[in-house]
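Colleague: Mind looking at a prediction? Sequence and model below.
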Amino acid sequence: MWAHDYWQLEEHGLSPPDIMTFAKKLQTAGYFAMPHMRPKEGYRIFNTWMGDPCKVLLFKAVVKTIKEENLLDRVKSCGVKLTMAQHGLQAATRAKDDGADEELIVCALLHDIGELFQPISHGELAASWLRPYISPQNYWVLEHHEIFQSHYYQHAMNMPKDVRDAFKDYPYFQACCDFCEKYDAPAFDPTYETLPLSYFEPMVHRVFAKPAYWHPDWKKDPICAAKLACASAYPTAE
Ligand SMILES: [Fe+2]
Ligand SMILES: [Fe+2]
């Protein structure tokens, strides 16, 4: 894919681009340019204009290494990590721009933190990790978000029905719909102005600095109450 395709310049009225370059890292290179961008003087861009046979030999060695070391697959897995990080930052930025409270912003930031470990239950991973420090509602939203998120891609997967409907009578149904609609589903937009991790760091620290299971409703949950009883026996720093 060309960079200008990826950035959707056409949709933003910026296409065609003035110059397109390619394959500089592959030791061979070239460019396309609109007529007004072409150099008037000859030999100004020697290698790409005239060609360079030595670069073809280097290029062969580069391609050999790419194949032998399986670099294309490795770059894909690294790329997923980068993309997921950006997705979390954008979901958090969208929550902040929407006026969400700090706890929900942190939930948006970390909602997919389990995706690389276990895609098919990554909601539970994030929910479990944050559970002691967040409300039962936010816990439920995190736990179920991957199910509710399918509302936005089910048509492409030929899914028979909207699976989130099975949870219509649950008290946090609408909260989870809202989370996916406003923060999760749209957070793949490369043009959205996304805040850096440093902006959210103090919020994460404050949420995790709360006493475990601080929300009063957790005490009604037997698992949380038992965990709290166990935790009270842990030695503290004081
Ligand atoms: Fe997710
Ligand atoms: Fe997500």
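Modeller: Arrived safely. Ligands and ions are numbered 1, 2, ... in the order given.

Colleague: what residues does the chain put near ligand 1?
Modeller: D112, E146 (C-beta under 5 Å from the ion). Every residue, glycine included, has its C-beta placed from N, CA and C.

Colleague: where exactly do the strands run in the chain?
Modeller: Assigned by DSSP state E, the chain shows strands spanning 19-22, 30-33.

Colleague: Extract the CA atoms of stretch 83-103 and return them as PDB.
Modeller: Written as PDB, here are the backbone C-alpha positions of stretch 83-103 (Å, rounded to 0.1, in the frame of the first residue of the first chain):
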ATOM      1  CA  THR A  83      -1.200  -0.300  16.500                       C
ATOM      2  CA  MET A  84      -2.800  -1.600  19.700                       C
ATOM      3  CA  ALA A  85      -0.900   1.000  21.700                       C
ATOM      4  CA  GLN A  86      -2.200   3.800  19.500                       C
ATOM      5  CA  HIS A  87      -5.700   2.400  19.600                       C
ATOM      6  CA  GLY A  88      -5.700   2.500  23.400                       C
ATOM      7  CA  LEU A  89      -4.300   6.000  23.500                       C
ATOM      8  CA  GLN A  90      -7.000   7.200  21.000                       C
ATOM      9  CA  ALA A  91      -9.800   5.500  22.900                       C
ATOM     10  CA  ALA A  92      -8.600   7.200  26.100                       C
ATOM     11  CA  THR A  93      -8.300  10.600  24.200                       C
ATOM     12  CA  ARG A  94     -11.800  10.200  22.900                       C
ATOM     13  CA  ALA A  95     -13.100   9.400  26.400                       C
ATOM     14  CA  LYS A  96     -11.300  12.500  27.800                       C
ATOM     15  CA  ASP A  97     -12.700  14.700  24.900                       C
ATOM     16  CA  ASP A  98     -16.100  13.300  25.700                       C
ATOM     17  CA  GLY A  99     -15.800  14.500  29.300                       C
ATOM     18  CA  ALA A 100     -15.600  11.000  30.900                       C
ATOM     19  CA  ASP A 101     -14.300  10.700  34.400                       C
ATOM     20  CA  GLU A 102     -10.700   9.700  35.200                       C
ATOM     21  CA  GLU A 103     -11.600   6.100  35.900                       C
END
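
Colleague: Enumerate the residues of the protein near ligand 2.
Modeller: Counting by C-beta under 5 Å from the ion, the residues of the chain near ligand 2 are D112, D184.

Colleague: By average pLDDT, which secondary structure element in the chain comes out worst?
Modeller: Taking mean pLDDT, DSSP states H and E as the measure, helix 46-50 is the helix or strand of the chain with the lowest mean score, a mean of 53.

Colleague: which helices and strands sit right next to the helix ranked longest in the chain?
Modeller: When the chain is parsed with DSSP state H, its longest helix is helix 71-97. For helix 71-97, the elements it packs on are helix 102-110, helix 197-208, judged by 3 or more C-beta pairs under 8 Å, 6 or more residues apart in numbering; DSSP states H and E.

Colleague: Mean neighbour count, these: which tops it?
Modeller: The highest mean neighbour count among the helices and strands packed on helix 71-97 belongs to helix 102-110 (a mean of 24), with neighbours defined as mean count of other C-beta atoms under 10 Å.

Colleague: What are the structural domain limits within this protein?
Modeller: When the chain is parsed into structural domains using automatic domain parsing, the resulting residue ranges are 3-31+41-69, 75-231.

Colleague: can you tell me the distance between the two ends of the first one?
Modeller: Domain 3-31+41-69 stretches 25 Å from its first residue to its last (C-alpha to C-alpha, to the nearest Å).

Colleague: do stretch 112-128 as well
Modeller: With C-alpha to C-alpha as the measure, stretch 112-128 spans 12 Å from end to end.

Colleague: what's the offset of that stretch from the middle of its chain?
Modeller: Mean-position distance between stretch 112-128 and its chain equals 13 Å (C-alpha atoms, centre = their mean, to the nearest Å).
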